[in-house]
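Engineer: Make a model of this:
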Amino acid sequence: MPKVTFEIVTAERIVYTDDVDVVAAPGIEGQLGILPQHAPLMTMLQPGELMVRKDGEEQSIFVSGGYLEVQGNKVTVLADTAERAEEIDTERAEEARRRAERRMALPPDQVDHARAQAALLRSLVRLKVAQKGRKRRIQT
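Structural biologist: Numbers count the residues shown, from 1 in each chain. Below you'll find the predicted structure:
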């Protein structure tokens, strides 16, 4: 079966690079599915779960936003931040969730609710990705 070369890069490091079967990414207008021989594409990503499937195994990766480009048979994600499921510090993500929920409860004149809501979304997605990673490790 043909593969697509996939890479996630942040300012600090290369998070993931491999030839894979499919990539599913959180585009700003909805979920994107990228298979080999996909048409050229460039789009922004929203915070969410990026899924990579290779040889029947899936891996979840948290991205906080960025850009996705499909060129030829290569998919490149330039992410603000990205973490593999096993890299996520669940205690830190849980504390971020609690902090964002406390901010959301404040009156509108005391906090930027859009920023608090974005922080809450990021922490919830990080926790979801970490949980999926734990389930996969338990099953194998």
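Engineer: number of nearby residues for A100?
Structural biologist: Neighbour count of A100, defined by other C-beta atoms under 10 Å: 20. To be clear about C-beta, it is placed using only N, CA and C from the backbone, and glycine gets the same treatment.
Engineer: So for the longest helix anywhere in the chain, what gets flagged as buried?
Structural biologist: Using DSSP state H, we find that the single longest helix of the chain is helix 113-139. Buried residues in helix 113-139, defined by neighbour count with 16 or more other C-beta atoms under 10 Å: 116, 118-130, 132-133.
Engineer: where does this protein have its least confident helix or strand?
Structural biologist: helix 113-139 (a mean of 83; mean pLDDT, DSSP states H and E).
Engineer: Quick one: distance of that one to the chain centre.
Structural biologist: Relative to its chain's centre, helix 113-139 lies at 9 Å (C-alpha atoms, centre = their mean, to the nearest Å).
Engineer: Endpoints of stretch 46-60, how far apart?
Structural biologist: For stretch 46-60, the first-to-last residue distance is 15 Å (C-alpha to C-alpha, to the nearest Å).
Engineer: Cool, thanks, talk later.
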